Each structure stands twice: as C-alpha cells, then as structure tokens.
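**Student:** no sequence on this one, just coordinates:
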C-alpha cells in the first residue's frame, strides 16, 4: 500500500511554449534567424524580439500557476534568443488553465493510477501603438502521468527483492493508489475482506498509515495479534500509537542536503544528471509479531 508534479510541469511547459510560439509564427515561411525577409522587411527574429511577453495569468495556488513562470521565461528567450528585446511593438497576453481526466483506475479502490492532464492556453498579440489585437488563438496540449509517481515502484521492487532473498514464496499483495488516507483506508478494507486474510500490512506513506489505522480500528483488528503493521517514514504517530508501529526510515536531512548539492552542480554545469540511492533503516516495534494461526 502518490503525482510527480515537477516532471509533468516541465513536460507541459515545454509543450505549451512550442505551441504558443508556433501559433504566433504560423504562416511565416522565412528563416527564423535571417536578418531580412525575402521581401526585404524585418526578419522573423527581429520581429519576434519586439514582442513583449506579459505575465502569464493562471489561477493562484494551482499547477498551472507553477507552469506559468517557466512558460513565460521560455517564450521570452525564444523570441529574443537571449538578447535584448529592444523597443517593443507588440504585447503577448497569455492565460492558461488545466483539467484532469482519469484514464484508468484500480478495480479495488477506484482511485486513479493513470490520469491525463490537459493544459489550455488562450493568447492575444496586441499592437502597442493601436492597442488592437492582431492575432488571437488557443493552444492545447495533453500529457499522461502516474499520480503515484515512480517511487512507488521502487518500493515494490525492494519488497520483492527482500522476499526473494529469504527464499520464501512471494505471497505479497500490492494495492496501488495515491499516497492518501483515503487510499489507505479503502485498500485496508479490501485486504480485510480477503480470505484468507493477510497477516501483515506495509503502509507506503504517512497519510496511507492514517487511513489504514482507521480501518483496522473500525473492524477491531488487534495489532499485532491479528495483523502486523509497518509504515514507511518515521513520524510521531509511529511511536505514539499503542502499540508503537514499526517503520522503514530514511535520513531526510541527508536527502535534502544531497538534493541541494546535485541542484547546485546542475546549475553550475559541472555535473551530468546523477541518481543517488540513500540507505534505509528498519525500526522494529511492538506492531510486529509472528503471523497468527490460520
């Protein structure tokens, strides 16, 4: 037993930038970097450098608001090539909005494991001298993603490796879904309906644990006499619960430090992309016991 929003935002931002730029130059069949056009007028690069990209509008505190800044910066760079914009002749006004649609959901909890995110951009190119729009339009791009992210699969692979290393049959049951209390509760309900009932639960996150404990308490399942329970990541709930809950922990301080170090290396251009695997630890507590007799 959640959305790598950063990766999805990067993909959508790149796609939206291409769409917006392509829409504005539609019908222009001249070299992008040519100094002059075939007719002797300003080249496309020179014309684009006169476009002032205004702050992109999006609803506050949304993924679209986080996309707005990189899209805005990319458009400015693409129009000017990184140079000075010069005296602006036009303003580009852009507004973006997004929507999600569930593509596939688990038949156990009903929670999505594949979603589509659609980004819609409406734009208007306004001539500054007359304040009249010369180009208006709409661009749309869609990306599919896994709301739970790739970390879920790393944990599943680690669990399977541990079982295989013990030389015992793999009877694990994996119920995927979002890292939420709702998923933890719904998945635990499904496990409790199984026959024979599982003898242990590993909750994949702190919120999942909260939902799991709620369901076990409602059904008066005794921990660890009826069911052993382990959580991932160390939180106060693990020790305050009666009995204390065993946990798989990681060094979150080291995680933050290494992430910052890798980011600084990438910013300075002194490193290629790296993958760093941090060690984990297991803290046994009173929530674990040998399985009860079936």
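**Tutor:** Structure received. Just so it is clear, the structure is predicted and the values come from calculations on it, not from any experiment.

**Student:** could you break this structure into its assigned domains?
**Tutor:** Taking automatic domain parsing as the criterion, the chain consists of the domains 5-145, 151-283.

**Student:** ranking the ones you listed by mean pLDDT, which is last?
**Tutor:** Ranked by mean pLDDT, the domains of the chain bottom out at domain 5-145, with a mean of 69.

**Student:** one step back: got the domains of the chain as TSV, with mean neighbour count and distance to residue 291 columns?
**Tutor:** The way it works is simple: take the backbone N, C-alpha and C, and place the C-beta from them, glycine included. As requested, these are exported to TSV (neighbours: other CB atoms under 10 Å; distance: least, CB to CB, whole Å):
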stretch	mean neighbour count	distance to residue 291
domain 5-145	16	22
domain 151-283	15	4
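
**Student:** what about these, which gets the closest to residue 293?
**Tutor:** The closest of the domains of the chain to residue 293 is domain 151-283. By CB to CB, the value is 10.1 Å.

**Student:** which stretches of the stretch 101-250 of the chain form strands?
**Tutor:** Secondary structure of the stretch 101-250 of the chain (DSSP state E, counting those that start in this stretch): strands at 112-127, 132-145, 200-203, 228-232, 246-250.

**Student:** now distance to residue 273 too, for those strands, in a markdown table please.
**Tutor:** Formatted as a markdown table, the strands of the stretch 101-250 of the chain follow (distance: least, CB to CB, whole Å):
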| stretch | distance to residue 273 |
| --- | --- |
| strand 112-127 | 24 |
| strand 132-145 | 20 |
| strand 200-203 | 30 |
| strand 228-232 | 26 |
| strand 246-250 | 21 |
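
**Student:** of all the ones you listed, which one is nearest residue 220?
**Tutor:** strand 228-232 (14.5 Å).

**Student:** now do the closest one: distance to the chain's middle.
**Tutor:** How far strand 228-232 lies from its chain's middle: 25 Å, per CA atoms, centre = their mean, to the nearest Å.

**Student:** that one pairs with which strands, and in what direction?
**Tutor:** strand 200-203 (parallel), strand 246-250 (parallel) (DSSP bridges).

**Student:** turn these into CSV, columns for distance to residue 283.
**Tutor:** Converted to CSV, the strands paired with strand 228-232 look like this (distance: least, CB to CB, whole Å):
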stretch, distance to residue 283
strand 200-203, 13
strand 246-250, 5
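
**Student:** wait, which of the ones you listed is closest to residue 120?
**Tutor:** The closest of the strands paired with strand 228-232 to residue 120 is strand 200-203. By CB to CB, the value is 37.1 Å.

**Student:** give me the contacts around that closest one.
**Tutor:** 1, 159, 184, 188, 191, 209, 212, 227-232, 248, 288, 291 (CB atoms under 8 Å, 6 or more residues apart in numbering).

**Student:** cool, stretch 127-137 as well?
**Tutor:** By CB under 8 Å, 6+ apart, the surrounding residues in contact with stretch 127-137 are 23-24, 52, 88-91, 122-126.

**Student:** hmm, try it at 7 Å
**Tutor:** The contact list for stretch 127-137 (CB atoms under 7 Å, 6 or more residues apart in numbering) reads 23-24, 88-91, 123-126.

**Student:** nice, that's everything, thank you.
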